[in-house]
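# Return atomic coordinates for the entry below.
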Amino acid sequence: MFFRKKLGRVLTNQQQAEERFQKEREELPLEKNDRLAMILAALAVFVPALLVVMGVFFAVIWLFFLRYL
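Residues are numbered from 1 along each chain as shown. Below you'll find the model as predicted:
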């Protein structure tokens, strides 16, 4: 393989970054309401996106199948 050294360096850097992240995460525990805040933030991000995708699907279905009924 032509880029074996570069590939090894990238994989090593990624492993080091993951180990450093895991170490930092263990040192900093979650506070009382952090889990609830993360769940609410995920809902605030994903629910509107899902609604848009579902709206596009329903619009396409209506356009092709239900418009002439």
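# Show me what the host helix or strand of R35 is packed against.
R35 is located in helix 34-61, with elements delineated by DSSP states H and E. If you count contacts as 3 or more C-beta pairs under 8 Å, 6 or more residues apart in numbering; DSSP states H and E, helix 34-61 packs onto no helix or strand. The way it works is simple: take the backbone N, C-alpha and C, and place the C-beta from them, glycine included.
# for the chain, where's the lowest mean pLDDT among helices and strands?
helix 4-27 (a mean of 85; mean pLDDT, DSSP states H and E).
# ok now that one, how far from the chain's centre?
Distance, stretch centre to chain centre, for helix 4-27: 20 Å (C-alpha atoms, centre = their mean, to the nearest Å).
# CA-only coordinates of that helix, as CSV, when you get a sec.
Taking Å, rounded to 0.1, in the frame of the first residue of the first chain, the C-alpha atoms of helix 4-27 are listed here in CSV:
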residue,chain,number,x,y,z
ARG,A,4,1.0,2.9,4.9
LYS,A,5,2.9,5.4,7.1
LYS,A,6,0.3,8.0,6.8
LEU,A,7,-2.5,5.6,7.4
GLY,A,8,-0.7,4.2,10.5
ARG,A,9,-0.2,7.8,11.8
VAL,A,10,-3.8,8.7,11.3
LEU,A,11,-5.0,5.5,13.0
THR,A,12,-2.6,6.1,15.9
ASN,A,13,-3.7,9.7,16.3
GLN,A,14,-7.4,8.6,16.3
GLN,A,15,-6.8,5.9,19.0
GLN,A,16,-4.9,8.4,21.1
ALA,A,17,-7.7,11.0,20.7
GLU,A,18,-10.3,8.3,21.7
GLU,A,19,-8.3,7.3,24.8
ARG,A,20,-7.8,11.0,25.8
PHE,A,21,-11.6,11.6,25.4
GLN,A,22,-12.4,8.5,27.5
LYS,A,23,-10.0,9.6,30.2
GLU,A,24,-11.4,13.1,30.3
ARG,A,25,-15.0,11.8,30.4
GLU,A,26,-14.2,9.6,33.4
GLU,A,27,-12.7,12.5,35.2
